[in-house]
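Novice: fold the following and give me the result.
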Amino acid sequence: MSESVGESLHHVTAGIPVELIRWNRSRLVEVAVRGPSSRDVRGLGRRQVLVAGAVLGVGALTGGPRPVADEVVAGMRTSFERLRDKGLRASPQEVLEPLRALQRTVYGLARETSGPVGTRLVLLAARIAEYTGWMCQEAGDEQGALWWTRHASELSRAAGDPDITSHAFAREAGLALYRRDASATITLARQAQRIGRAGSRVLALAVRREAQGHALAGDRAAAERAFDRAANQMPSAVPDSPYPVLGSSVPDPLELARGWALSDLGLHTEAAAVLDEQLTLVPASSRRTLARFRTRRSLALALSGEVDESCRTIARALDDVAHVDSATVRTDLRQLSRTLGRWHNHGAVREVYPDLRRQLTHR
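Specialist: Got it, this is the predicted structure:
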């Protein structure tokens, strides 16, 4: 391979994680090089895509690009699923750069590919962008979260897929929820529901977010009606999709959200009971979910005056909290720290408080 070709291949494949394996007709090629600038958000150039395609079996150095093999698309999806699985249990900083690099590579190939395979690539690029937005939020980068979420929406509209477009509005509603902006949460969640032809699961998750907005506003009746609507819309099984499932993969995302909402409504004892029941269903591998909702349960218990149980719950959560390094979880930890501080002379509080404060100061 010439030096110029090698340099172009380096740039088009930069940042792809070492486990990303691509198909090259009769052999596998492993790609692992350093990443590009995160400011390059417009995708890859035509020449770069064609050079990479020559090595990966999906293009040519001269002439028009050849069709992308199904195995290439499957390999990229597998790489995304591995990064998403890692995001369940590790810091967002460990997955953000590989996600950005993979999204640009998928998007670059999508721009060079027509027909159904091109559409699948665009949808996969949109799904990766949506998840990258979530990891930006978890890293405390709200502007980055908004950019990637809106980029996902643009790509999904271009591909004619209403699910990601709808879910992008629900994701923005989630950002508003963490800002404790009830009005914006409700408005954005309702926009998500107005996207025509979106699937029932995606719509149920949007209605769930609306319910949380009503709870944040203190409107229990509206919140309960919305949760009932969400439950009626939620399918019994996850539907088939050209990309990995949108939203939470926990067994019952509606009930976890309802526990959160009950606490926002001031019903802290009820909230703690619902969250306790649901947390038993969350697998140990979902450390991000466990960190978030154990912290939420601990906060609900503290607000209800159950100090000892609150301390036991947060003690169980702190190892997961440390591993996932979540900005959104730290929002709840700060409130928990202030709440438990009212009982600073209590023995259980004195025991757990140093570790709790350490999670808030160590970044």
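Novice: for this protein, name the helix or strand with the lowest mean pLDDT.
Specialist: strand 27-30 (a mean of 27; mean pLDDT, DSSP states H and E).
Novice: am I right that Ala257 falls within a helix?
Specialist: Yes: assigned with DSSP: H, G, I helix; E, B strand; the rest coil, Ala257 falls within a helix.
Novice: give me the nearest residue to it, chain neighbours excluded.
Specialist: Sequence neighbours aside, Arg208 is the residue nearest to Ala257 in space, at 5.0 Å (criterion: Cβ to Cβ, 6 or more residues apart in numbering). Every C-beta, even on glycine, is put in place using the N, C-alpha and C of the backbone.
Novice: assess the claim that that neighbour and Ala230 are in contact.
Specialist: Yes: contact criterion Cβ atoms under 8 Å: Arg208 and Ala230 qualify, at 4.6 Å.
Novice: any residues in contact with both of the two?
Specialist: Common neighbours of Arg208 and Ala230 (criterion: Cβ atoms under 8 Å, 6 or more residues apart in numbering): Leu254.
Novice: ok, the residue nearest to Ala257 to Thr78 distance?
Specialist: According to Cβ to Cβ, to the nearest Å, Arg208 and Thr78 sit 29 Å apart.
Novice: the more surrounded of the two?
Specialist: Arg208 (29 against 14; other Cβ atoms under 10 Å).
Novice: which parts of stretch 173-192 are buried?
Specialist: Buried residues in stretch 173-192, defined by neighbour count with 16 or more other Cβ atoms under 10 Å: 173-177, 181-182, 184-192.
Novice: what's the per-residue pLDDT of Leu115 here?
Specialist: Careful, residue 115 is Gly and not Leu. In this model, Gly115 is scored at 89, pLDDT.
Novice: ignore what I typed, I meant Leu216.
Specialist: Leu216 is assigned a pLDDT of 98 by the prediction.
Novice: wait, doesn't it sit right on Tyr178?
Specialist: No: between Leu216 and Tyr178 there is no contact under Cβ under 8 Å: 10.2 Å.
Novice: mind checking the SS state of Thr132?
Specialist: From three-state DSSP, the assignment for Thr132 is helix.
Novice: report the contact partners of it.
Specialist: Contacts of Thr132 (Cβ under 8 Å, 6+ apart): Leu96, Leu99, Arg100, Gln103, Trp148.
Novice: quick check, the third one in a helix?
Specialist: Yes: the assignment for Arg100 by three-state DSSP puts it in a helix.
Novice: what about it, distance to Phe227?
Specialist: Arg100 sits 35 Å away from Phe227, taking Cβ to Cβ as the criterion.
Novice: check the gap between Pro242 and Val122 for me.
Specialist: Counting by Cβ to Cβ - Pro242 and Val122 are separated by 10 Å.
Novice: likewise Leu360?
Specialist: To Val122, Leu360 is 41 Å away according to Cβ to Cβ.
Novice: what do you get for Val282?
Specialist: 33 Å.
Novice: higher neighbour count, these two?
Specialist: Val122 (23 against 19).
Novice: just the element for the more buried one, please.
Specialist: helix 115-138 (DSSP states H and E).
Novice: can you pull out the low-pLDDT segments for the stretch 201-350 of the chain?
Specialist: Of all residues in the stretch 201-350 of the chain, none has pLDDT under 70.
Novice: for it, what spans make up the helices?
Specialist: Ranges of helices within the stretch 201-350 of the chain are 220-233, 253-264, 268-279, 287-303, 307-324, 327-340, 347-361, based on DSSP state H, counting those that start in this stretch.
Novice: how about those helices in a markdown table, adding mean neighbour count and distance to Tyr107?
Specialist: Converted to a markdown table, these look like this (neighbours: other Cβ atoms under 10 Å; distance: least, Cβ to Cβ, whole Å):
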| stretch | mean neighbour count | distance to Tyr107 |
| --- | --- | --- |
| helix 220-233 | 17 | 31 |
| helix 253-264 | 22 | 28 |
| helix 268-279 | 20 | 36 |
| helix 287-303 | 25 | 26 |
| helix 307-324 | 20 | 27 |
| helix 327-340 | 19 | 26 |
| helix 347-361 | 15 | 36 |
